[in-house]
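**Student:** Sequence and predicted structure below; questions after.
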Amino acid sequence: MAAVEQDGRMSGPRPVQRLEVALPVPLPQTFTYLHVPGAADEARTVTAGDLVEVVFGRRRSVTGLVVAASAPAPPAGEEVAGDGAGPARRLRDITRVLPAAYRLEGERRRLADWMASYYALPLGEVVPLFHPPAPGTTLRAGGRAAPERYPAVDGTVTALTPAQAEAVADGSRRLAERAYSAVLLHGVTGSGKTEVYLTLIAEALAAGRGALFLLPEIALTPQTLSRIAARFGDRVAAIHSGLSAGQRCRVHELAARGEVRVVVGPRSALFAPVGDLGLIVIDEEHESSYKQDEKPRYHARHAALVRGRECGALVVLGSATPDLESLANARAGRYGLWELPERLGAPMPAVEIVDVRGGAAPDGLSPALDTALEETLGRGEQAIIFYNRRGFARALQCAGCGASAACPDCDIAVTYHLRPRRLLCHYCGHTRPVPAACEACGQAAFLPSGAGTERIEIHLQGRFPQARLLRLDRDTTSGRDSHHRILAAFARGEADILLGTQMVAKGHHFPGVSLVGVLAADDGLGLPDFRAAERSFQLLSQVAGRAGRVGAGRVLLQAWQPEHPVITAAATHDFAAFAAAELELRRQLGYPPSRRLARIGIASRRQADAAAAADALAGALREGLADASLTLLGPAPAVFERLMDRYRFQVLIKGDLSARRKEWVAGCLRSLAESYPGVDAIFDIDPVSSY
Ligand code: ADP
Ligand code: ZN
């Protein structure tokens, strides 16, 4: 049979390739397409590893991975390619073959396979992580987009400290072995960790090898980027969410061609096609932003270790407050351990715990903090006030009947905001005007209960009218780049007080800060989550580390539970004491790192459907996973039983699930979705929280 070319001319049958393509759809199989080598611009024969663009259902352009390609052969009858949509046509042609720079092969392909298996995902859903959103855009646009450049600052350090030198010497030895190994670099803030990373990157480059440098949030680390740019110039490129599709493609192509040898960025930078990788650095390795909490769910730290294993690289995990799983791995000898116990330049700040029980202003500044702030401002020094609640008041309560205004779609009280004046749900963004009278009983007397940053701001403005105040929370950072601008202004000394939520804990070095005040330091401890204590400790350590980077610093932690072990450990900078107590608790309760965890979430707009589906699933899992090494918990309503108008249930699985069992669970979830229309299920392997 003859193929019809685009201009309608008949010609002899052209050899056709049959391709098996993995596509980003929630189905486990691959899809068959045809390719006629030489039919379009792409004269080349396609092989496994090529990315291709195809039409899939109503989607006009989907990028997929060729997992198998036949040799070109004359077309079989039912597979005629190149024709319009005739009834005889069964298989479609691909639309385009992407340039070789986008091929997914070698250790990156092995990483993709591992992710598909470990996270029980179809391979096709993993593949988009490995290429920019619109691959090949650069070539179509003429390749003019340039990779981002950062101003180079000269932070050259003349000699490493003995602790740094020891770490670097061990790192050099590991690099020279050209085999996989991992190290935990545990060093307090300002102890010189970044200097160790940069020295090792330089060594990798000198040996002709490439490097990846992962950061939790690249927009907040301009100082680190400038240091990297100063050392490595054109050989480094950054990836971040502010880049256009063309710029992302440019970075990808430069890396694939070997012109860029160091790629810096958030978790997505892990997948960059840097060849002959010698080193992967994960800075602030404990940060939960390394976990992607939407499909495809994965943890970049775990994936980085696998990429390192697959290409024989050294993986360095750095933190002042290591994740307890990383600590356990280091203690078990699976990772090396480098410690930088000393802060460079200044001692760790003195931390005082302020008991606010029975105080006059439990949600505001205690007399002790008020005095400390007055003294700090009097000396012309800067202060940070940290309160992890935004808005004016946590809830708007009726003084008559006690009812709190609630979100119509979530199980959560709405927060009262003053500027602009409104009620806002912090989960779903629902907003409505502040009612004139209670929505429940009609009385017009409201009690704003519990404070937020807006309320503290008003208090501070009244109390210290001369002080220049900056507020940093999600409400003051809606503008592009505003987050960075506020931090930079404070770092330049353009304000005396920086007040804000956890956003103040990250990013810049603030040389002028001598006081940090933490309101409600124990606020996060009440969350019903196995990582609540760990996260609180990390956050408090990080905030405390902002004080006295130069000179003496002072930190005041206001707490309702001043004897809580997390508060006392944070106050004494005692990571070891915190870790010992918390690891013991995890062991008793069977949570990571003692046992692995998987979480299945079930949600539906109809409560009865969600409950029935959760029951059915739990029943099937109890039968299919009957094994003494596994513990199933649930189904139970989620902590917030209703969010965004959806009722939520969950099942937890403690223990080691084999890849085969994960695949079986994923299959159960697919059939659940078929039996219960309107019910969604998620399968979260190694979740960062248990709710
Ligand atoms: P971390 O990454 O642990 O916060 P950095 O590497 O940023 O620490 O170091 C903190 C500060 O100390 C930086 O200003 C850095 O330039 C400086 N620094 C790092 N190592 C040395 C050293 N060996 N000698 C002098 N200064 C150093
Ligand atoms: Zn809501």
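**Tutor:** Nice, thanks for sending it over. Residues are numbered from 1 along each chain as shown. Ligands and ions are numbered 1, 2, ... in the order given.
**Student:** which SSE is residue 250 in?
**Tutor:** Applying DSSP states H and E as the criterion places residue 250 in helix 245-256.
**Student:** Which strands and helices lie in contact with that helix?
**Tutor:** helix 137-141, strand 236-238 (3 or more Cβ pairs under 8 Å, 6 or more residues apart in numbering; DSSP states H and E). For the C-beta atoms, the positions are set from N, CA and C on the backbone; glycine is no exception.
**Student:** next helix or strand past it?
**Tutor:** strand 262-265.
**Student:** Relative to the whole chain's centre, how far out is that following strand?
**Tutor:** How far strand 262-265 lies from its chain's middle: 16 Å, per Cα atoms, centre = their mean, to the nearest Å.
**Student:** I'd like to know the average pLDDT value across it.
**Tutor:** Here strand 262-265 scores 96 as its mean pLDDT.
**Student:** What of stretch 247-255?
**Tutor:** Rounded mean pLDDT across stretch 247-255 is 95.
**Student:** For that stretch, which outside residues touch it?
**Tutor:** Defining contact as Cβ atoms under 8 Å, 6 or more residues apart in numbering, one finds that stretch 247-255 is touched by 99, 101-102, 131-139, 143, 145-148, 210, 237-239, 243, 260-261, 263, 272-275.
**Student:** Filter these down to the buried ones, PyMOL style.
**Tutor:** Buried residues within these, by 16 or more other Cβ atoms under 10 Å, are selected in PyMOL with:
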select buried, resi 99+101+102+131+132+135+136+137+138+145+147+148+210+237+238+239+243+260+261+263+272+273+274
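**Student:** picking that back up, CA atoms only for the helix holding residue 250 - export them in CSV, please.
**Tutor:** What follows is helix 245-256 as a C-alpha-only set of coordinates in CSV (Å, rounded to 0.1, in the frame of the first residue of the first chain):
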residue,chain,number,x,y,z
ALA,A,245,10.4,28.5,28.7
GLY,A,246,13.1,29.6,26.2
GLN,A,247,15.6,30.4,29.0
ARG,A,248,15.0,27.0,30.6
CYS,A,249,15.6,25.3,27.3
ARG,A,250,18.8,27.3,26.8
VAL,A,251,20.1,26.1,30.2
HIS,A,252,19.1,22.6,29.4
GLU,A,253,20.8,22.6,26.0
LEU,A,254,24.0,24.3,27.4
ALA,A,255,24.2,21.6,30.1
ALA,A,256,23.6,18.8,27.6
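**Student:** Run a quick neighbour tally on the nearest residue to residue 407 once chain neighbours are set aside.
**Tutor:** Of all residues not flanking residue 407 in the chain, residue 425 sits nearest, at 3.8 Å (Cβ to Cβ, 6 or more residues apart in numbering). When neighbours are counted by other Cβ atoms under 10 Å, residue 425 registers 21.
**Student:** and the closest residue to ligand 1 within the stretch 451-600 of the chain, helix, strand or coil?
**Tutor:** Nearest to ligand 1, among the residues of the stretch 451-600 of the chain, is residue 509, at 6.9 Å (Cβ to the nearest ligand atom). Counting by DSSP: H, G, I helix; E, B strand; the rest coil, the backbone at residue 509 sits in coil.
**Student:** Show the pLDDT at it.
**Tutor:** For residue 509, pLDDT reads 76.
**Student:** Also the one 10 residues further on?
**Tutor:** Residue 519 is assigned a predicted lDDT (pLDDT) of 95.
**Student:** most centrally placed residue in the chain?
**Tutor:** residue 289 (2.2 Å; Cα atoms, centre = their mean).
**Student:** quick one: contacts for that one?
**Tutor:** Residue 289 touches 216, 217, 266, 267, counting by Cβ under 8 Å, 6+ apart.
**Student:** Apply 7 Å and report the result again.
**Tutor:** Residues near residue 289 by Cβ atoms under 7 Å, 6 or more residues apart in numbering: 216, 217, 266.
**Student:** quick check, nearest of those residues to ligand 1?
**Tutor:** residue 216 (13.0 Å).
**Student:** what does the domain assignment say about the chain?
**Tutor:** Under the assignment automatic domain parsing, the domains of the chain span 2-102, 162-340, 350-390+452-584, 597-685.
**Student:** Select, out of those domains, the one closest to ligand 2.
**Tutor:** Nearest of the domains of the chain to ligand 2, taken as Cβ to the ion: domain 597-685 at 6.4 Å.
**Student:** Give me the distance from that closest one to the chain's centre.
**Tutor:** For domain 597-685 - counting by Cα atoms, centre = their mean - the centre lies 23 Å from the chain centre.
**Student:** Please report the number of neighbouring residues for residue 655.
**Tutor:** If you count neighbours by other Cβ under 10 Å, residue 655 ends up with 17.
**Student:** now it: how far from residue 456?
**Tutor:** From residue 655 across to residue 456, the span is 45 Å (Cβ to Cβ, to the nearest Å).
**Student:** Would you quantify the distance from residue 19 to ligand 1?
**Tutor:** 47 Å (Cβ to the nearest ligand atom, to the nearest Å).
**Student:** and that residue, bridged to which residues?
**Tutor:** residue 33, residue 69 (DSSP bridges).
**Student:** Thought residue 71 was touching it, still the case?
**Tutor:** No: using Cβ atoms under 7 Å, residue 19 is not in contact with residue 71; the gap is 11.6 Å.
**Student:** can you list the residues of this structure near ligand 1?
**Tutor:** 155, 157, 160-161, 164, 187, 189-195, 344 (Cβ under 6 Å from any ligand atom).
**Student:** Got a quick PyMOL command for the buried subset of these?
**Tutor:** In PyMOL, a selection of the buried entries from those looks like this (16+ other Cβ under 10 Å):
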select buried, resi 160+161+164+187+189+190+191+192+193+194+195+344
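**Student:** Make JSON lines from the residues of the chain next to ligand 1 and add secondary structure and pLDDT to it.
**Tutor:** Output for the residues of the chain next to ligand 1, formatted as JSON lines (DSSP: H, G, I helix; E, B strand; the rest coil; pLDDT from 0 to 100):
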{"residue": "155", "secondary structure": "coil", "pLDDT": "56"}
{"residue": "157", "secondary structure": "coil", "pLDDT": "68"}
{"residue": "160", "secondary structure": "coil", "pLDDT": "94"}
{"residue": "161", "secondary structure": "coil", "pLDDT": "95"}
{"residue": "164", "secondary structure": "helix", "pLDDT": "97"}
{"residue": "187", "secondary structure": "strand", "pLDDT": "95"}
{"residue": "189", "secondary structure": "coil", "pLDDT": "83"}
{"residue": "190", "secondary structure": "coil", "pLDDT": "85"}
{"residue": "191", "secondary structure": "coil", "pLDDT": "92"}
{"residue": "192", "secondary structure": "coil", "pLDDT": "93"}
{"residue": "193", "secondary structure": "helix", "pLDDT": "95"}
{"residue": "194", "secondary structure": "helix", "pLDDT": "94"}
{"residue": "195", "secondary structure": "helix", "pLDDT": "95"}
{"residue": "344", "secondary structure": "coil", "pLDDT": "87"}
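**Student:** Let me know the closest of the residues of the chain next to ligand 1 to residue 523.
**Tutor:** The nearest member of these to residue 523, counting by Cβ to Cβ, is residue 189 at 21.6 Å.
**Student:** How about the contacts made by that closest one?
**Tutor:** Counted by Cβ under 7 Å, 6+ apart, residue 189 has contacts 320, 545.
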